[in-house]
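In: Sharing a model prediction with you, sequence too.
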Amino acid sequence: MILAGYILRFHIAPFFFGTVTAMFIFLMQFLMLSLDKLIGKGLEQGVILQFVMYSQIPMLVLAVPMGILFSTLMAFGSMSDAQETTIIKASGGGLSRMILPSLLFGIIVFYAMFYYSDNIVPDSNHRFKDLLEDIKRKRPTFSIEAGQFSTQLGGYTILSRHVDSVTRYLKGVTIYDNRQQIQKNVVSAETGTISFSQDFSKLIVILYNGEIHQFNSLNQNDFRKITFVKHQITINTEDFDFTRSDEKKLSRGDREMRISDMKAVVRVADSNSRSLDSLFAKEIKTHLNYVAASDNEDNDLSKESIFTQIENRISLFRAAIESQSYQRGKYDKQTLKYEVEIDKKYAIPFACIVFILIGCPLGIMTKRGNFGISALLSLGFYTLYWGCLKVGEILADRGNVSPSMGMWSGNIIIGLAGLIMIYRLNNESYGIFHYFRQKISSKK
């Protein structure tokens, strides 16, 4: 018990440091890719923070395994560098006794991450998608600059030679109404004011001492000129105000569902596929019976007429086959997509256990508990795992491999490598690892 507490104590600080560092990297990557969606939208700070928070909640599932790997390398590397692993072996404690506390820690984190991935991440992904759609619908903040054409209003272009930003007083105003393709309106005025309605759904422009020029683009003789002292134009600006949509009315994708919900979708898709198979068999039987009956019928129709009827029947049969084949392919793709996501919810949290299996022997073999080597090894094995995960997901979605093989390939490869290393280390058979360890020690 004392040994277990001593080993776990080495894990705590590197685990949190590795996890926070990985989260920071994911955050920077997200901001670089999504910053253009937020700039110039006139969004409140609370909405932006909410958008960023929802985007990072799923990233924790990816960051925690990296924190586990980093902490395992640091812990066992430090113990090996201080000859503590040798002392534990000499006192009768085997390698399995040293690894067991870390493995129990990994199992606890696995269950915590699995619960988090299945119960918290789906709702977060759904809210993130809804918020992203709401942001996309919102137009940039409306503004008018002196001597600049403002085209932010649908169908209207506004030009003002002088703008008072405080009083919103305009001078030398020209408004082009391009809402209709044929009938065009151009309004010019000496002065004017601009303001929003109380609910920000309308932009109210009041013009003084001006003219309205109306003309038909198809008939040059159709032209009217109207002089006014005061004229008001009301423009819809609903998209300028940020509004939240109702989450309950929006459908959920595979990454926005719990495992139980996805299994229900898979069951429905499988049931529909079986129904199509049954319907397909009935269609074949019906058409074959029709052809056989037409061939055996004793009637006055010529063979040419009979063949024409059979040909028409075959055309109908072909159309039915194509339609049912398309529907069957659609259900199969849906089943594959959801089965892949189900396996992913298990596979990624399970990496917490796999990375301990690879981190313990690597830390002991390298005999280095410093930050640089641990970070380099963590990044290398995490990149390998992530590559296996993404390639496996692509192949599984295409149906080239099973969903289980696609999602668990990274865990299998790295887990087997870790078990082989543990076996060699436990039997003092380092092989090629002993060669690399000697090289590292000679440079130390």
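Out: Yes, it's here. Everything quoted here is computed from the prediction, not taken from an experiment.
In: Domain-wise, how is the chain divided?
Out: 2-137+339-443, 156-240 (automatic domain parsing).
In: Give the buried residues for stretch 15-34.
Out: For stretch 15-34, burial by neighbour count (16 or more other Cβ atoms under 10 Å) applies to 15, 18-19, 21-23, 26. Just so you know, the C-beta spots here come from the backbone N, C-alpha and C atoms, and that holds for glycine as well.
In: what's that stretch in contact with?
Out: 52, 55-56, 59-60, 62-64, 66-71, 378 (Cβ atoms under 8 Å, 6 or more residues apart in numbering).
In: one step back: closest to Met98 out of the buried residues of stretch 15-34?
Out: Set against Met98, the nearest of those by Cβ to Cβ is Phe15 (17.1 Å).
In: Let's verify that closest one: helix, strand, or coil?
Out: helix (DSSP: H, G, I helix; E, B strand; the rest coil).
In: residue ranges of the helices in the stretch 251-400 of the chain, please?
Out: Here the stretch 251-400 of the chain has its helices, by DSSP state H, counting those that start in this stretch, at 259-296, 303-366, 371-398.
In: Lowest average pLDDT across the ones you listed?
Out: Lowest mean pLDDT of the helices of the stretch 251-400 of the chain: helix 259-296, a mean of 72.
In: Please name the nearest non-neighbouring residue to Leu207.
Out: Ala189 (3.6 Å; Cβ to Cβ, 6 or more residues apart in numbering).
In: picking up where we left off before, out of the domains of the chain, deepest packed?
Out: Of all the domains of the chain, domain 2-137+339-443 has the most neighbours on average by mean count of other Cβ atoms under 10 Å, namely a mean of 18.
In: quick one on the thing from earlier: would you format the domains of the chain as JSON lines with distance to Tyr326 included?
Out: Compiled in JSON lines, those are given as follows (distance: least, Cβ to Cβ, whole Å):
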{"stretch": "domain 2-137+339-443", "distance to Tyr326": "16"}
{"stretch": "domain 156-240", "distance to Tyr326": "37"}
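In: and of these, who's closest to Asp261?
Out: domain 2-137+339-443 (8.0 Å).
In: quick one: which of the domains of the chain is nearest Ala264?
Out: Per Cβ to Cβ, nearest to Ala264 of those: domain 2-137+339-443, 11.3 Å.
In: That closest one: how far from the chain's middle?
Out: Remark: domain 2-137+339-443 is offset 20 Å from the chain centroid, using Cα atoms, centre = their mean, to the nearest Å.
In: try stretch 204-215
Out: 49 Å.
In: What separation do you get for Thr72 and Val266?
Out: Applying Cβ to Cβ, to the nearest Å, the value for Thr72 to Val266 is 35 Å.
In: Need the pLDDT of Gly406.
Out: 89.
In: can you check Gln50 too?
Out: pLDDT for Gln50: 84.
In: next one: Thr227
Out: Looking at Thr227, its pLDDT is 90.
In: List the contacts of the helix or strand hosting it.
Out: Per DSSP states H and E: Thr227 is located in strand 223-236. The contact list for strand 223-236 (Cβ under 8 Å, 6+ apart) reads 153-154, 156, 175, 187, 189, 201-216.
In: For the residue lying closest to Met407 once chain neighbours are set aside, list the residues it contacts.
Out: Spatial nearest neighbour of Met407, chain neighbours left out: Asp343 (3.8 Å); criterion: Cβ to Cβ, 6+ apart. Shown in contact with Asp343 (Cβ under 8 Å, 6+ apart): 396, 403-404, 406-408.
In: Likewise for Ile99?
Out: Taking Cβ under 8 Å, 6+ apart, one finds 356-357, 360, 422 in contact with Ile99.
In: now, among these, which is nearest to Lys333?
Out: For these, the closest approach to Lys333 (Cβ to Cβ) belongs to Leu357, at 34.7 Å.
In: Do I have it right that the closest one meets Leu419?
Out: Yes: using Cβ atoms under 8 Å, Leu357 is in contact with Leu419, at 6.3 Å.
In: any idea how far Lys184 is from Met405?
Out: For Lys184 relative to Met405 (Cβ to Cβ), the value is 63 Å.
In: now do His213
Out: Distance from His213 to Met405, by Cβ to Cβ: 71 Å.
In: tilt between the host helix or strand of Ile68 and helix 371-398?
Out: Assigning secondary structure by DSSP H and E places Ile68 in helix 59-81. Calculated by axes from the mean of the first three to the mean of the last three Cα atoms, to 10 degrees, helix 59-81 forms an angle of 140 degrees with helix 371-398.
In: Output the contacting helices and strands for helix 59-81.
Out: Counting contacts by 3 or more Cβ pairs under 8 Å, 6 or more residues apart in numbering; DSSP states H and E, helix 59-81 packs against helix 2-38, helix 95-119, helix 303-366, helix 371-398.
In: can those helices go into TSV with extra columns for distance to Ser251?
Out: TSV is the format used below for the helices and strands packed on helix 59-81 (distance: least, Cβ to Cβ, whole Å):
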stretch	distance to Ser251
helix 2-38	22
helix 95-119	19
helix 303-366	13
helix 371-398	20
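In: Which one of those helices lies nearest to Leu170?
Out: If you check each of the helices and strands packed on helix 59-81 against Leu170 by Cβ to Cβ, helix 2-38 wins as the nearest, at 30.0 Å.
In: okay, the angle between that closest one and helix 95-119?
Out: Computed with the same axes, to 10 degrees, the direction of helix 2-38 lies at 30 degrees from that of helix 95-119.
In: who's in contact with Gly399?
Out: Counting by Cβ under 8 Å, 6+ apart, Gly399 makes contact with 332, 336.
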